[in-house]
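Next input, structure requested:
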Amino acid sequence: MPQPDSAAPRDARAAVAALSATVPNVREVKTYTADNDPNHLLGRPHQYVSKTAFTDARIQPADVEGEDEDSMTRGGSVEVFATAADAQARVDYIAGIIKNMPVFTEYDYVHGTEVLRVSKLLTPNQAASLETALKS
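Next up is the predicted model:
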């Protein structure tokens, strides 16, 4: 089993707080636990160790009507992994799904052990601003 990366990663909630500090349109909506993670991945081997969903006020309410408050479509999420290799594997997995089912398109960025998943409803420049904020 791969060893965790040497520097302790920040958790997803702290990453979203950093995004909010840089991009005022971002607001945390839910930090998941192993009990309420809809994907049932939190804490499982080689999966994320923390996950937080956020909304982005640049997405129009009419475009997300009927979506759950913590839906990816409303903004996105940050998933944190024990290793950078696990984070990259997650992005590769999502990319495979998107390639075969474009309806699930989203922006995905890896920064060390962190995966930033961003709603397709944001423009490429808006999504890139979130990636820049995550890295800063």
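
now the strands for this structure?
Counting by DSSP state E, the segments of the chain that form strands are 26-31, 50-56, 75-80, 106-111, 114-119.

Extract the C-alpha set from the third one and format it as CSV.
What follows is strand 75-80 as a C-alpha-only set of coordinates in CSV (Å, rounded to 0.1, in the frame of the first residue of the first chain):
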residue,chain,number,x,y,z
GLY,A,75,-20.3,24.6,-8.0
GLY,A,76,-18.0,21.7,-7.3
SER,A,77,-16.1,19.9,-4.6
VAL,A,78,-12.6,19.3,-3.3
GLU,A,79,-11.5,15.7,-2.6
VAL,A,80,-8.3,15.1,-0.6
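
Tell me the buried residues in it?
Buried residues in strand 75-80, defined by neighbour count with 16 or more other CB atoms under 10 Å: 75-80. Placement of C-beta: from N, CA and C, glycine included.

could you give the angle of it to strand 26-31?
Strand 75-80 runs at 60 degrees relative to strand 26-31, counting by axes from the mean of the first three to the mean of the last three CA atoms, to 10 degrees.

List the strands paired with strand 75-80, with their directions.
With DSSP bridges as the test, strand 75-80 is paired with strand 50-56 (antiparallel), strand 114-119 (antiparallel).
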